[in-house]
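1. dropping the sequence and predicted coords here.
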Amino acid sequence: MRMETELLNKSQLKHLFEQAIKVWEKVPFRVQGTDEFFDYLTAYGCRVDGEKVYFPKTVINKVLAQIAEYKNKYTAQDKTRKEEWSATALEMYTHGQALHICDLETNKLRPCLEADLAAWCRAVDRFGDVERRHPTFIPQDAPLGSQDVHAFATIILNSRHLHRVSVYSAKMLPFFIEISKIVKGSLEEVKKDQVFAAKCWVNSPFMITRENIEIAMEARRRLGAPVIFDQMPVAAGASPVTVAGSLVQNTAESLAVTAMSIAIDGMAIDGSIHKIIGTNAMIDMRDICQRQAGPDLFLHKMAAAQMHVYLFGGNPPAPGSGGASITARTVSLPGIGGSSVTAQTVSPQSLYEKAMFASFDFAVGGRSLGIGCLAASDVGSPVQLMLDYEMGLFFRHMLRDVSTDDEHIGLETILEMAPRGAYCMETEHTARFFREESFFPAFVDQRAPLAWAQNPTDMIDKARQRARDWFATAENQCPLSENQRRQIQALVTEADRVVQENIK
């Protein structure tokens, strides 16, 4: 099931793209780069003046020509790719990098601890069909400078396998590599599958700090991986509040980042490329805080996805259907499909927001759902995890393929039963297929009113009891030996020592 959508037509996209080119030509990037970083840009044709990087017309034309080549190469494949992508089964994943947890018992916020992350790892593994795209919790009882290492180590010591954590400090990158080597056995295996994220984050508008440059370039030297850039523009703060203005600025910034990416590593014609990044959050003008959900933000994300297709080709946009990584052929932007809600605690609002945005996202082609986070991924919640998982099961059931073979039709059953009246409950056909065809929620109460009145229930209370039992009995599925575990603990201790020495 899919609803075709179009926010902007080709004429509008062309006009906005032309305006973005003017911004790209006139606004320099402020980069606190290393000599090596600047040498790559200069060799490509960029003009570096102190911390300012300019993109002459010759550079702009080279980048646009390579983008056009990319689009032309894959245009013939887009129709079949669209069909395959639309049929993808719904995937659920946990996400977020929260500093707080919505306490299971009190439903109030408190700082999250390593013990919370460890319990979360075991609980998520227990589902068996839920992936992880971020750690969910950054433990606040760990030293400030090594919290990322603590999160990475806690995950592997309490999970079936490594999961993604972002490197926040260049000094911590070696510890991520060494922990990964213990798990994977060698540096070569780490290079083949770099689980942790060592990105070069852009501070919109048009700024990159030295720390981000050092992390990305050091990862490139040690692991041979290309420099991966990313952005998280905030409308009404770091970009204009209007859809059109924000799209123009974000497109210009994304194209400039594309130029820097090509200058350093070339354009990965058959792999991942830098995408057109849309508005990631908006400033709520009543409370002056950022949020990552809402119909206004949805329009920003749809516009960016359409601009990406306009420039690179690929599938029609489906905001929310994917994670942070993207290829030009599959356009999906995170944060719309119920993955982020603004509610701070588990409440009717958290359920309302999740269901509302997930529904529209799936209608336009999204096929993944982030579960367990509140407050724009700044809060993790065991109870919300349970509720969201059931919501994912609801959508999986709704979006599944429907069988039309003779067995499912049951023609003989219809011919035998229909003349007698409504006796389907008695048939073998119903007994055979009711588990396959019916949806059985654990928390949503579907009883008749008088039956419910005799024993009233609340779905949030039921989810809290499930979370209480689920987290208490989830087993640690970490496959590492005691020796490997001790080595990882030793690395974490060493990371803390490096942080303390740096403070002194």
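-> Structure received. In this text the structure is predicted, and so the values were computed from the model without any measurement. Numbering: from 1, shown residues only.

2. quick one, helices of the stretch 401-504 of the chain?
-> For the stretch 401-504 of the chain, helices defined by DSSP state H, counting those that start in this stretch occupy the ranges 406-409, 411-417, 428-437, 449-454, 459-473, 482-503.

3. and what of the stretch 201-350 of the chain?
-> Using DSSP H, counting those that start in this stretch, helices in the stretch 201-350 of the chain cover 210-223, 243-265, 295-312, 348-363.

4. pLDDT (mean, whole number) over the third one?
-> If you average the pLDDT over helix 295-312, you get 89.

5. need the helices of the stretch 201-350 of the chain in TSV (columns: mean neighbour count and distance to residue 41).
-> From N, CA and C alone the C-beta is placed, and that goes for glycine too. Converted to TSV, the helices of the stretch 201-350 of the chain look like this (neighbours: other C-beta atoms under 10 Å; distance: least, C-beta to C-beta, whole Å):
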stretch	mean neighbour count	distance to residue 41
helix 210-223	19	11
helix 243-265	23	5
helix 295-312	22	22
helix 348-363	19	37
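
6. what values do phi and psi take at the nearest residue to residue 503 once chain neighbours are set aside?
-> Of all residues not flanking residue 503 in the chain, residue 145 sits nearest, at 7.6 Å (C-beta to C-beta, 6 or more residues apart in numbering). Summarising the backbone geometry of residue 145 under the convention degrees, to the nearest 10, its torsions are phi -80, psi -10.

7. ok, residue 145 - contacts?
-> Neighbour list for residue 145: 169, 171-172, 498-499, 502-503 [criterion: C-beta atoms under 8 Å, 6 or more residues apart in numbering].

8. make CSV out of the helices of the stretch 201-350 of the chain and add distance to residue 92.
-> Shown next, in CSV, are these (distance: least, C-beta to C-beta, whole Å):
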stretch, distance to residue 92
helix 210-223, 29
helix 243-265, 29
helix 295-312, 20
helix 348-363, 11
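
9. out of the contacts of residue 145, which are buried?
-> If you count burial by 16 or more other C-beta atoms under 10 Å, the buried members of the contacts of residue 145 come out as 169, 171-172, 498-499.

10. closest to residue 135 among those?
-> residue 172 (13.9 Å; C-beta to C-beta).

11. the closest residue to that closest one other than its chain neighbours: which element?
-> Once its chain neighbours are removed from consideration, residue 172 has its nearest residue in residue 149; the separation is 5.2 Å (C-beta to C-beta, 6+ apart). For residue 149, the enclosing helix or strand under DSSP states H and E is helix 147-157.

12. starting at the chain centroid, how far to that helix?
-> Here the centre of mass of C-alpha atoms in helix 147-157, compared against the chain's by C-alpha atoms, centre = their mean, to the nearest Å, lies 19 Å away.

13. which secondary structure elements does whichever helix or strand comes after it sit against?
-> Proceeding C-terminally, helix 147-157 gives way to helix 173-184 as the next helix or strand, assigned by DSSP H and E. Judged by 3 or more C-beta pairs under 8 Å, 6 or more residues apart in numbering; DSSP states H and E, the packing partners of helix 173-184 are helix 147-157, helix 187-192, helix 210-223, helix 482-503.

14. just the CA atoms of helix 173-184, as PDB, please.
-> Listed next in PDB are the C-alpha coordinates belonging to helix 173-184 (Å, rounded to 0.1, in the frame of the first residue of the first chain):
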ATOM      1  CA  LEU A 173      38.700   7.100  18.600                       C
ATOM      2  CA  PRO A 174      41.600   4.700  19.300                       C
ATOM      3  CA  PHE A 175      39.500   3.100  22.100                       C
ATOM      4  CA  PHE A 176      36.600   2.500  19.700                       C
ATOM      5  CA  ILE A 177      39.000   0.800  17.300                       C
ATOM      6  CA  GLU A 178      40.700  -1.400  20.000                       C
ATOM      7  CA  ILE A 179      37.300  -2.500  21.400                       C
ATOM      8  CA  SER A 180      36.200  -3.400  17.900                       C
ATOM      9  CA  LYS A 181      39.400  -5.400  17.300                       C
ATOM     10  CA  ILE A 182      38.800  -7.400  20.400                       C
ATOM     11  CA  VAL A 183      35.300  -8.300  19.200                       C
ATOM     12  CA  LYS A 184      36.100  -8.800  15.500                       C
END
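
15. check contacts around residue 254.
-> Residue 254 sits next to 231, 274-277 when contact means C-beta under 8 Å, 6+ apart.

16. and what of residue 386?
-> 443, 463-464, 466-467, 470.

17. neighbour-wise, which of those leads?
-> Neighbour counts for these, by other C-beta atoms under 10 Å, peak at residue 463, which reaches 25 neighbours.

18. leaving out chain neighbours, which residue sits closest to residue 223?
-> Spatial nearest neighbour of residue 223, excluding adjacent residues (C-beta to C-beta, 6+ apart): residue 191 at 5.1 Å.

19. how near is the one you found to residue 264?
-> When distance is defined by C-beta to C-beta, to the nearest Å, residue 191 is 18 Å away from residue 264.

20. report pLDDT for the residue nearest to residue 155 when sequence neighbours are not counted.
-> Computed as C-beta to C-beta, 6+ apart, the closest residue to residue 155 that is not its neighbour in sequence is residue 163, at 5.1 Å. Residue 163 is assigned a pLDDT of 95 by the prediction.

21. please pull out the lowest mean pLDDT helix or strand from the chain.
-> Across the helices and strands of the chain, mean pLDDT, DSSP states H and E gives its lowest value to helix 78-86, namely a mean of 52.

22. tell me which helix or strand comes right after that helix.
-> Going down the chain from helix 78-86, the next helix or strand is strand 91-94, by DSSP H and E.

23. contact partners of that following strand?
-> When contacts are defined by C-beta under 8 Å, 6+ apart, strand 91-94 is touched by residues 120, 124, 127, 129-134, 136, 323, 367-373, 385, 388-389, 392.

24. thinking again about what came up before, so the residue nearest to residue 155 sits against residue 196, correct?
-> No - Residue 163 is not in contact with residue 196 according to C-beta atoms under 8 Å; the separation is 9.1 Å.

25. related to what we said a few turns ago, what's the farthest-apart pair in the contacts of residue 145?
-> For the contacts of residue 145, the farthest-apart pair by C-beta to C-beta is 172 and 503; their separation is 14.2 Å.

26. so what's the closest residue to residue 245 other than its chain neighbours bridging to?
-> If the residues on either side of it in the chain are set aside, residue 245 comes closest to residue 239, at 7.2 Å by C-beta to C-beta, 6+ apart. Residues in a beta bridge with residue 239, per DSSP bridges, are residue 235.
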